[in-house]
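Student: any chance you could fold what I've pasted below:
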Amino acid sequence: MRVRIDYGLEHLEIDVPDERLVQVRRQALPSRLADPVEAIRDALERPLGFPALRQALTPDDHVAVVVDEQVSRRPEFLAPVLDHILNAHVSPEAITVLGPSSISGQGPALPERHAGICAEVHDPQDRRHLSYLATTRGGRRLYLNRTAVDADQLVVVARRSYDPVLGYSGSEGALYPCLSDEATLKEMLGRLSFLAPGEKPWPVRREAEEVAWLLGTPFMVQLIDGPGDHLAHVVAGVADSGDEGIRLLNASWRIQVDTPADVVVAGVSGDGSRHTFADLARAFACAAHAVKQGGRIVLLTDALPALGEGAGWLREAEDPRDALKLIHRQLPADSAAVFQWASAAERATIYLLSRLPSEIAEELFTVPLDEASQIQRLLKDAPAQLFLPDAHKTMAQTARANGRSTARVEEP
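Tutor: Residues are numbered from 1 along each chain as shown. You can find the predicted model right below:
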């Protein structure tokens, strides 16, 4: 069988004997919206179980628009949201676009025509910009970003995806723990899990849902990825709409494979300049769920990701297990990505095609590749071969012969 795997804006085609190809089962292939901006406009006008957002706004309102760090096309996707709020006669000076501390630069990038709108990056260390919200049912005193707490209306624009702390990121997860104080953020980094999320919400997500309720009625705009740089779905509404976003995410990106593979070839497609170290780590983690212990993972990308503090420690560690111990002690901001990367390297030999210098790729416990065609020799004589397009968006599970899943699906 001829198999195609996309990476960056390129692709590779490989002939694989049918008997060696591990079969993949999924609900549906990810779709792509012809006009994602128009889809966002339509979702704002026709949210699930709620009137149009503009009908909930008054000219005197102060609106905080929280944008998730994983929304890569921020100016493009923020524009229809800001237009909608301005059309409700809210003044630009009363609108703040708020990004988490992990967004680099002076603030979330705004469309040029919205230059009068404020942009803010959350600083979890600055007590002056934190406000006490409430005490949770579990007894946690909540300190969140002051702009978010004081806003008359919160609007969250976030990408729904799989997450090693929340199970599912986006929606309420873009508010908490992302906009909390430094101590809470550090604590959450100590709750990393390699499990696949199931139907029961993980503890941090349950807490995030409570925080969203305490904040009033945040309006959620959920972006569900399609292939490459495309979107598949846009879902808008209040907190109850979160379940529909998760359903659509799983329909597009949760897969089951018949058996663990000897070699997993994973791709990260789309504009490589947008792909981060965390994207590559998510792709390695997805492949690790579907590879045999001691097998091989080959990741094809066109990325040159910036490396954070935790990635620096990963480069200095003796082995992946040493790196895992180190991040559990130090909890750098990029702990989640380092955790996923090192966990994959501990399970399998990992190969990487990227634009990182070879010496850096080697320090990250990968075998660097110079070109995609080199994977032919890695596939030679491998009895079970699996291909995972857009692995950074995918959650893979492996089924036993009796139909039960070998991937642990539970709360951590």
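Student: what does stretch 67-83 contact?
Tutor: Residues from elsewhere that reach stretch 67-83 (C-beta atoms under 8 Å, 6 or more residues apart in numbering): 36-38, 40-41, 44, 65, 95, 97-100, 102-103, 108-111, 113-114, 117, 155-159, 161, 169-170, 174, 178, 221, 223, 229, 274. Glycine gets a C-beta too; all of them are placed from N, C-alpha and C.
Student: of the residues you listed, which count as buried by neighbour count?
Tutor: 36-37, 40-41, 44, 65, 95, 97-100, 102-103, 108-111, 114, 117, 155-159, 161, 169-170, 174, 178, 221, 223 (16 or more other C-beta atoms under 10 Å).
Student: so which of the contacts of stretch 67-83 are in helices?
Tutor: With DSSP state H as the criterion, helices contain 36, 37, 38, 40, 41, 44 from among those.
Student: so what's the first one up against?
Tutor: Going by C-beta under 8 Å, 6+ apart, residue 36 touches 76, 77, 230, 231, 234.
Student: centroid residue for the chain?
Tutor: With distances taken as C-alpha atoms, centre = their mean, the residue of the chain nearest its centroid is residue 161 (4.6 Å).
Student: helix/strand/coil for residue 204?
Tutor: Here residue 204 is recorded as helix under DSSP: H, G, I helix; E, B strand; the rest coil.
Student: that one is in contact with residue 165, isn't it?
Tutor: Yes. Counting by C-beta atoms under 8 Å, residue 204 touches residue 165, with 5.4 Å between them.
Student: residue 194 contacts residue 162, correct?
Tutor: No. Assessed by C-beta under 8 Å, residue 194 is found out of contact with residue 162, at 11.2 Å.
Student: and the helices in the stretch 301-412 of the chain?
Tutor: Taking DSSP state H, counting those that start in this stretch, the helices of the stretch 301-412 of the chain run over residues 309-316, 320-330, 335-347, 358-363, 375-379.
Student: deepest-packed of those helices, please.
Tutor: Using mean count of other C-beta atoms under 10 Å, the stretch among those with the largest mean neighbour count is helix 335-347, at a mean of 24.
Student: and that one with helix 309-316, angle?
Tutor: For helix 335-347 against helix 309-316, the angle by axes from the mean of the first three to the mean of the last three C-alpha atoms, to 10 degrees is 30 degrees.
Student: just the CA coordinates of the strand ranked longest in the chain, formatted as PDB?
Tutor: In the chain, with assignment by DSSP state E, the single longest strand is strand 291-300. The C-alpha coordinates for strand 291-300 follow below in PDB (Å, rounded to 0.1, in the frame of the first residue of the first chain):
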ATOM      1  CA  VAL A 291       4.700   1.900  20.000                       C
ATOM      2  CA  LYS A 292       6.200  -1.200  21.500                       C
ATOM      3  CA  GLN A 293       8.500  -0.900  24.500                       C
ATOM      4  CA  GLY A 294      12.000  -0.500  22.900                       C
ATOM      5  CA  GLY A 295      10.600   0.300  19.500                       C
ATOM      6  CA  ARG A 296      11.300   3.300  17.200                       C
ATOM      7  CA  ILE A 297       9.500   6.600  16.800                       C
ATOM      8  CA  VAL A 298      10.300   8.700  13.800                       C
ATOM      9  CA  LEU A 299       9.000  12.300  13.900                       C
ATOM     10  CA  LEU A 300       9.000  14.300  10.700                       C
END
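Student: hang on, the earlier thing: mutual contacts of residue 204 and residue 165, please.
Tutor: Joint contacts of residue 204 and residue 165 (C-beta under 8 Å, 6+ apart) are 177, 188, 191.
Student: the last one contacts residue 204, doesn't it?
Tutor: Yes. Using C-beta under 8 Å, residue 191 and residue 204 qualify as a contacting pair, with a distance of 6.1 Å.
Student: out of those two, which sits in the busier spot?
Tutor: residue 204 (21 against 14; other C-beta atoms under 10 Å).
Student: do you know how far the more buried one is from residue 142?
Tutor: To residue 142, residue 204 is 13 Å away according to C-beta to C-beta, to the nearest Å.
Student: identify the contacts common to the two.
Tutor: With C-beta under 8 Å, 6+ apart, residue 204 and residue 142 have no common neighbours.
Student: got the domain ranges for the protein?
Tutor: 2-23+258-398, 36-250 (automatic domain parsing).
Student: any chance of those in JSON lines, with mean pLDDT and distance to residue 30 too?
Tutor: JSON lines is the format used below for the domains of the chain (pLDDT from 0 to 100; distance: least, C-beta to C-beta, whole Å):
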{"stretch": "domain 2-23+258-398", "mean pLDDT": "96", "distance to residue 30": "8"}
{"stretch": "domain 36-250", "mean pLDDT": "94", "distance to residue 30": "5"}
